[in-house]
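**Student:** Predicted model and sequence below, questions to follow.
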Amino acid sequence: MSRTATCPSLRRIYHRLLRMLGPQRWWPAKTPFEVMTGAMLTQGTNWHNVERAIARLKAARALSARRLTNLPASMVQRLIRPAGFFRQKATRLQAFSRWYRATYSANAKRMFRQDPWTLRNELLTLPGIGPETADSILLYAGHQAVCVVDAYTRRIFRRHQLIEGHEPYEVIQRFVMDRFPEDPKLFNEFHALLVAVGKRYCHRRDPDCACCPLGEFPRRLDDE
DNA sequence: TGCCAGGCCGGGT
DNA sequence: ACCCGGCATGGC
């Protein structure tokens, strides 16, 4: 739209968030498989609960594609229970693990050598992997230059009148990617910063972030 | 205590 | 193309 085409706020929001909050150093995991597991487990779930589930997987030495494939479903369910939705998440984690082994030999380098948008389409065919999870995997496990859109992104952008709020995922993704250089580090920080500020100030109860101390954010930015 | 968390899916309109 | 209910645990 004309408003978005002339709106200079997005880059300013990013730089101000970075200055205010500092680098977030995402993803909080050390292997690509742990990132991908966390991306699936965090769906609709508090990150704290995901950490407990990941810790249980590690303690059981189950945090690998081979182990998750070979473990009985009931065991996987028990291990990830703190992350919620544990029955369907166990099924989906095991399906992903099987696919990862069969298609890429459970090798992250091989997987991310694939063209990002082709890989994205492959991921989207897997059960339990939608647009946000696929993009999180591409960006945070594969360091590919795609941007992630989540509920916080929608709320914060809506608050700053950058979007209406109900636009399709890919529209918002395009909106962001058209306004930044294709830099995976930048997309990494930007999404992490939006989540960081969203967790503190932009909850579902206040879709317009009326309580947000950054309420004057956009106007001040435009004044700069 | 209720409401919410870094979604996704299937069925119904 | 939307809209909704289901999925489930744990924290504030």
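**Tutor:** Great, that's in hand.
**Student:** in what helix or strand does residue A:196 lie?
**Tutor:** Using DSSP states H and E, residue A:196 maps to helix A:184-201.
**Student:** I should have written residue A:149 there, sorry.
**Tutor:** Going by DSSP H and E, residue A:149 is not part of any helix or strand.
**Student:** nearest spatial neighbour of the closest residue to DNA strand B within chain A, skipping sequence neighbours?
**Tutor:** With C-beta to the nearest atom of the strand, the shortest gap between chain A and DNA strand B falls at residue A:130, namely 2.5 Å. For every residue, glycine as well, the C-beta is placed using N, CA and C. Closest residue to residue A:130 apart from its sequence neighbours, by C-beta to C-beta, 6 or more residues apart in numbering: residue A:124 at 7.1 Å.
**Student:** can you check residue A:61 too?
**Tutor:** Using C-beta to C-beta, 6+ apart, the closest residue to residue A:61 is residue A:67 (6.6 Å).
**Student:** and if you look at residue A:197?
**Tutor:** Nearest residue to residue A:197, sequence neighbours excluded (C-beta to C-beta, 6+ apart): residue A:17, at 6.1 Å.
**Student:** Please give me every residue in contact with the nearest residue to residue A:25 once chain neighbours are set aside.
**Tutor:** Excluding the flanking residues, the one nearest residue A:25 by C-beta to C-beta, 6+ apart is residue A:192, at 7.8 Å. Listed by C-beta atoms under 8 Å, 6 or more residues apart in numbering, the contact set of residue A:192 reads A:24, A:25, A:26.
**Student:** Leaving out sequence neighbours, find the closest residue to the last one.
**Tutor:** Sequence neighbours aside, residue A:192 is the residue nearest to residue A:26 in space, at 4.1 Å (criterion: C-beta to C-beta, 6+ apart).
**Student:** quick one: the one you found and residue A:198, what's the gap?
**Tutor:** Distance, residue A:192 to residue A:198, by C-beta to C-beta, to the nearest Å: 11 Å.
**Student:** now do residue A:56
**Tutor:** 27 Å.
**Student:** out of those two, which sits in the busier spot?
**Tutor:** Shown here are residue A:56 and residue A:198; by other C-beta atoms under 10 Å, residue A:198 has more neighbours (20 against 17).
**Student:** Which helix or strand contains the residue nearest to residue A:130?
**Tutor:** Taking DSSP H and E as the definition, residue A:124 sits inside helix A:116-125.
**Student:** Residue A:166 too?
**Tutor:** Using DSSP H and E, residue A:166 falls within no helix or strand.
**Student:** Just confirm residue A:99 contacts residue A:126, I think it does.
**Tutor:** Yes: Residue A:99 is within contact range of residue A:126, at 6.0 Å (criterion: C-beta atoms under 8 Å).
**Student:** what's the overlap in contacts for these two?
**Tutor:** Counting by C-beta under 8 Å, 6+ apart, nothing touches both residue A:99 and residue A:126.
**Student:** Look up how far residue A:61 lies from the residue minimising distance to the centre of chain A.
**Tutor:** The centroid of chain A falls nearest to residue A:136 when counting by C-alpha atoms, centre = their mean (4.0 Å). From residue A:136 over to residue A:61 the distance is 25 Å, taken as C-beta to C-beta.
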